[in-house]
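Trainee: sequence below, structure please.
(one chain, ligands or ions: 1)
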Amino acid sequence: MSKKILIIHTGGTIGMKPTDSGYRPSPGFLEHQLAELSRQWGSQMPEFEIKEYDPLLDSANFCPRDWRRIAEDIVEHYNRYDAFLVLHGTDTMAYTASALAMMLRGLNKTVILTGSQLPLCLRRNDARENLITGMILASEYLVPEVCVLFGSVLLRGCRTTKVSAVSFDAFDSPNARPLGTIGTHIRVFQHRVHAPEQASGPLEILPLENTAVATLRLFPGIDARVLDNVLQTPLRGLVLEAYGTGNGPSRDTAFLNTLRQATDRGVVVVSLSQCRQGSVSLADYATGRALMDSGVVSGRDMTVEAALTKLMFLFSQGLDTAAVRRQIGTDLAGELTQ
Ligand code: ASP
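Mentor: Model (predicted):
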């Protein structure tokens, strides 16, 4: 029996049209285009229904409450559909994918996020390809996790980052091999895919509230006062994009003291690498150990998107600072390599 997909259309370029003020979402357009495709392809088209958000959003306008809305829609329709295809703008897709992976507990069905660099209304576009491939993946394969399909790859959602503003291969998961590749054949590497959850309980949403977190990228000469400003209340968590294996300016005692004071106050400071690939290892260099001695914890090989949403997620579970610091390095949804 063919599977039934729910397409959740949140917005993004895929369904936009050009206007005098740039690309804007166009209500009803995508539904109309899908109806055309169904007429053209008849029974070859997977069975689907579409839920279009009002308003449709450019994902640059997404907030944590929009992540929650998607999670709630998946839970609400979970028993009536076999898979979920979420159409989403590319700008913040990696954040949404990371957040959903942490929020959805007990997932046994495929959830795919996709979008496009060029809208479906243009003569030349990547929207049609991503849309159709997303529907085929959702209806013919079981990938029971939150993933991102884009261009030639299917990726674990909480490992993704947008790497190009122009290429049709806009996403990568630099520290996790693809779950699938898309070419003349669609290949899904089942040995890399999460096994379906054995628990018989229903799909649950764990809380993820908007929390005061931030990211700061180190650069040679960064002033400790800048760091101090960022670390002020109400900040609860900081992703420090450090050098290489998680190193920082250890000769700058004002910088280290500022970090120490903040971590003593309970701010969780997570070190990530500015390098696209590889993992933080704070003990490797004296310049990394100095951060560790100032209370900084390792974010290992997480993306910035995963680390930021994970900080929000952990604080939203009501954990205290010590527990958040411990859990940052623990794998929750496949976001880091253990
Ligand atoms: N600004 C758009 C968005 O994120 C870009 C896109 O969809 O590619 O909604």
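
Trainee: count the residues that sit near the residue nearest to residue 54 when sequence neighbours are not counted.
Mentor: Leaving aside its chain neighbours, residue 54 sits nearest to residue 27 (6.9 Å; criterion: Cβ to Cβ, 6 or more residues apart in numbering). To be clear about C-beta, it is placed using only N, CA and C from the backbone, and glycine gets the same treatment. Here the count is done by other Cβ atoms under 10 Å, and residue 27 has 14 residues near it.

Trainee: one more: residue 337?
Mentor: Considering only other Cβ under 10 Å, residue 337 is surrounded by 12 other residues.

Trainee: residue 39 too?
Mentor: 9.

Trainee: three-state assignment of it?
Mentor: Secondary structure of residue 39, reduced to three states by DSSP: H, G, I helix; E, B strand; the rest coil: helix.

Trainee: now stretch 188-207 - C-alpha only, PDB.
Mentor: Once non-C-alpha atoms are left out, stretch 188-207 reads as follows in PDB (Å, rounded to 0.1, in the frame of the first residue of the first chain):
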ATOM      1  CA  VAL A 188      19.900   5.500   1.300                       C
ATOM      2  CA  PHE A 189      22.600   4.100   3.400                       C
ATOM      3  CA  GLN A 190      20.400   2.300   6.000                       C
ATOM      4  CA  HIS A 191      23.400   1.300   8.200                       C
ATOM      5  CA  ARG A 192      23.900   5.000   8.900                       C
ATOM      6  CA  VAL A 193      20.300   5.700   9.600                       C
ATOM      7  CA  HIS A 194      18.900   5.700  13.200                       C
ATOM      8  CA  ALA A 195      17.100   2.500  14.000                       C
ATOM      9  CA  PRO A 196      13.400   3.100  14.600                       C
ATOM     10  CA  GLU A 197      12.700   3.700  18.300                       C
ATOM     11  CA  GLN A 198      11.600   0.500  20.000                       C
ATOM     12  CA  ALA A 199       9.600   2.200  22.700                       C
ATOM     13  CA  SER A 200       5.900   1.700  22.100                       C
ATOM     14  CA  GLY A 201       5.000   5.100  23.600                       C
ATOM     15  CA  PRO A 202       3.500   7.900  21.500                       C
ATOM     16  CA  LEU A 203       5.600  10.500  19.800                       C
ATOM     17  CA  GLU A 204       6.400  13.200  22.300                       C
ATOM     18  CA  ILE A 205       7.500  16.800  22.100                       C
ATOM     19  CA  LEU A 206      10.200  17.800  24.700                       C
ATOM     20  CA  PRO A 207      10.200  21.500  25.500                       C
END
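
Trainee: now do the longest strand seen in the chain: which elements does it pack against?
Mentor: Criterion DSSP state E: the longest strand present in the chain is strand 47-57. Contacts defined by 3 or more Cβ pairs under 8 Å, 6 or more residues apart in numbering; DSSP states H and E place strand 47-57 against strand 4-11, strand 22-25, helix 29-41, helix 64-76.

Trainee: which residue is it, in the protein, that comes closest to the ligand?
Mentor: Nearest to the ligand in the chain, going by Cβ to the nearest ligand atom, is residue 89, at a distance of 1.9 Å.

Trainee: just the pLDDT at that residue, thanks.
Mentor: According to the predicted model, the pLDDT of residue 89 comes to 98.

Trainee: got it, and residue 198?
Mentor: On the pLDDT scale, residue 198 is placed at 69.

Trainee: also residue 1?
Mentor: In the prediction, the pLDDT value recorded for residue 1 is 57.

Trainee: next one: residue 201
Mentor: Residue 201 is assigned 77 on the pLDDT scale.

Trainee: ok, it - how many residues close by?
Mentor: The burial count assigned to residue 201 is 8, neighbours taken as other Cβ under 10 Å.

Trainee: all helices for the stretch 101-250 of the chain, in order.
Mentor: Listed in chain order, the helices of the stretch 101-250 of the chain (DSSP state H, counting those that start in this stretch) span 127-140, 224-230.

Trainee: so which of those helices is the most surrounded?
Mentor: With neighbours defined as mean count of other Cβ atoms under 10 Å, these peak in mean count at helix 127-140, which reaches a mean of 21.

Trainee: other SSEs contacting it?
Mentor: Where contact means 3+ Cβ pairs under 8 Å, 6+ apart, helix 127-140 is packed against strand 4-11, strand 83-87, strand 110-114, strand 146-150, strand 186-188.

Trainee: quick check: residue 88 touching residue 10?
Mentor: Yes: the pair formed by residue 88 and residue 10 meets the contact definition of Cβ atoms under 8 Å, at 5.1 Å.

Trainee: shared neighbours of those two, anything?
Mentor: Residues touching both residue 88 and residue 10 comprise residue 59, with contact defined as Cβ atoms under 8 Å, 6 or more residues apart in numbering.

Trainee: so is the residue nearest to residue 54 in a helix, a strand, or just coil?
Mentor: When states are read from three-state DSSP, the local structure at residue 27 comes out as coil.

Trainee: is it true that it touches residue 50?
Mentor: No: the criterion here is Cβ under 8 Å, and residue 27 misses it with residue 50 at 11.8 Å.
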